[in-house]
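> sequence-free structure coming up:
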């Protein structure tokens, strides 16, 4: 990350992510004290949860939107599913910053939060993995 981006990120609390194969940084979500921006970001997160469910038939789990954790858990199918949408999903950190917990965001989106570990399925049991 350039010094310019680091300075901007420190000032605004922006969450920056570099898309695969691109040198450009993209702002995914901004956590700020400005109430209007906070509400807009919360709406974006809630909309993203609903879109994930519409695409995949299940609510997202934190592991679905945390690619580093997915790779650590040897769940490459999660990374593939995330990247196949070619959409910038909110980061798990942004979700937790705005709602306090992942499950609070899931509940705010109108879903019943899953018990810890309930969302993980082995690739051989996934209906969207050949």
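Right, received. Where do you want to start? Small disclaimer: the values here were computed from a predicted structure and weren't measured. Numbers count the residues shown, from 1 in each chain.

> Can you pull out the low-pLDDT segments for this protein?
1-38, 117-130 (pLDDT under 70).

> same thing but 90
Applying pLDDT under 90 to the chain flags the ranges 1-41, 63, 69-71, 73-76, 85-88, 114-130.

> Helices of that one, residue ranges please.
Per DSSP state H, the chain carries helices over the ranges 3-12, 35-56, 62-65, 67-72, 76-84, 92-99, 102-108.

> so can I have CSV of these showing distance to residue 114 and mean neighbour count?
Backbone N, C-alpha and C define where each C-beta goes, glycine included. As requested, those are arranged in CSV below (distance: least, C-beta to C-beta, whole Å; neighbours: other C-beta atoms under 10 Å):
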stretch, distance to residue 114, mean neighbour count
helix 3-12, 31, 12
helix 35-56, 12, 15
helix 62-65, 10, 20
helix 67-72, 16, 14
helix 76-84, 15, 16
helix 92-99, 15, 19
helix 102-108, 8, 18
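
> Redo the ones you listed as a markdown table? Include distance to residue 116.
A markdown table is the format used below for the helices of the chain (distance: least, C-beta to C-beta, whole Å):
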| stretch | distance to residue 116 |
| --- | --- |
| helix 3-12 | 31 |
| helix 35-56 | 18 |
| helix 62-65 | 10 |
| helix 67-72 | 13 |
| helix 76-84 | 16 |
| helix 92-99 | 14 |
| helix 102-108 | 9 |
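
> wait, which of those helices is closest to residue 115?
Residue 115 sits nearest to helix 102-108 of all the helices of the chain, at 9.6 Å, using C-beta to C-beta.

> now what about that closest one, what contacts it?
Outside helix 102-108, the residues that touch it by C-beta atoms under 8 Å, 6 or more residues apart in numbering are 42, 45-46, 49, 59, 61-62, 92, 95-96, 98-99, 112-114.

> Pull the most distant pair out of the residues you listed.
42 and 114 (20.6 Å).

> Phi, psi for residue 57 please.
Per-residue torsions, residue 57: phi 70, psi 10 (degrees, to the nearest 10).

> How many residues are close by it?
Counted with other C-beta atoms under 10 Å, the neighbours of residue 57 add up to 9.

> before we move on, what about residue 74?
The tally of other residues near residue 74 (other C-beta under 10 Å) stands at 9.
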